[in-house]
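Novice: whatever this is, show me its structure:
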Amino acid sequence: MAAAWIAWLLLVCATMLFGVALPLHARIVLCLAAATSTLGGLRTFVLLRGPHAIRVLEWSEAGEFIAYVGSDLSGVPARLARGSFRLGAGLLVLRLTLPNSVRSVLIDGGIQDTPAFRRLCRRLAAHSRRGSDTIPPKV
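Specialist: Below is the predicted model:
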């Protein structure tokens, strides 16, 4: 999974370096800025490393989440936040509101317990329907 994100980053940098009509130093600065900001998120979001990474996620059928954060795996209560979504059939991007921040985690369904992953997908779908910002049509 991380290899795909790194390949995407390399493509972005190659596009900036060879496909943008700016001076070379400006293209290099843009590429470094993209790489720096992306690699920090990649470490936390995909590789689940660092003090801000959500390493383990537990949830109940009632919708209560506990996120275990960082290398010490300290458990904190969490709520599903706006912006969580399903990415294809086997990936979930969850944004969780913790007591002091909002953090994101990428969950790969291919390496999870299948029934648990399906329950989490249903939970996300129910949350999406409940938190919808759409205005119903007037008839």
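
Novice: only C-alpha atoms from now on, for both contacts and neighbour counts.
Specialist: Noted.

Novice: quick one: the helices in this structure?
Specialist: In the chain, the segments counted as helices under DSSP state H are 2-19, 24-45, 114-130.

Novice: mind putting those in TSV, distance to Glu58 and mean neighbour count included?
Specialist: As requested, these are exported to TSV (distance: least, Cα to Cα, whole Å; neighbours: other Cα atoms under 10 Å):
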stretch	distance to Glu58	mean neighbour count
helix 2-19	23	14
helix 24-45	17	15
helix 114-130	10	14
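
Novice: centre of the chain versus the helix or strand of the chain with the lowest mean pLDDT, how much separation?
Specialist: The helix or strand of the chain with the poorest confidence is helix 114-130; it has a mean of 79 (mean pLDDT, DSSP states H and E). Relative to the mean C-alpha coordinate of its chain, helix 114-130 is positioned 16 Å out (Cα atoms, centre = their mean, to the nearest Å).

Novice: likewise stretch 39-47?
Specialist: Using Cα atoms, centre = their mean, the mean C-alpha position of stretch 39-47 is found 9 Å from that of the whole chain.

Novice: CA atoms only: put it into PDB for me.
Specialist: Coordinates of each C-alpha in stretch 39-47 appear next as PDB, following Å, rounded to 0.1, in the frame of the first residue of the first chain:
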ATOM      1  CA  LEU A  39       5.700  11.900   3.600                       C
ATOM      2  CA  GLY A  40       4.700  13.000   7.100                       C
ATOM      3  CA  GLY A  41       1.100  12.100   6.400                       C
ATOM      4  CA  LEU A  42       2.100   8.900   4.700                       C
ATOM      5  CA  ARG A  43       4.000   7.800   7.800                       C
ATOM      6  CA  THR A  44       1.100   8.400  10.100                       C
ATOM      7  CA  PHE A  45      -1.900   7.700   7.800                       C
ATOM      8  CA  VAL A  46      -0.700   4.600   5.900                       C
ATOM      9  CA  LEU A  47       2.300   3.200   7.700                       C
END
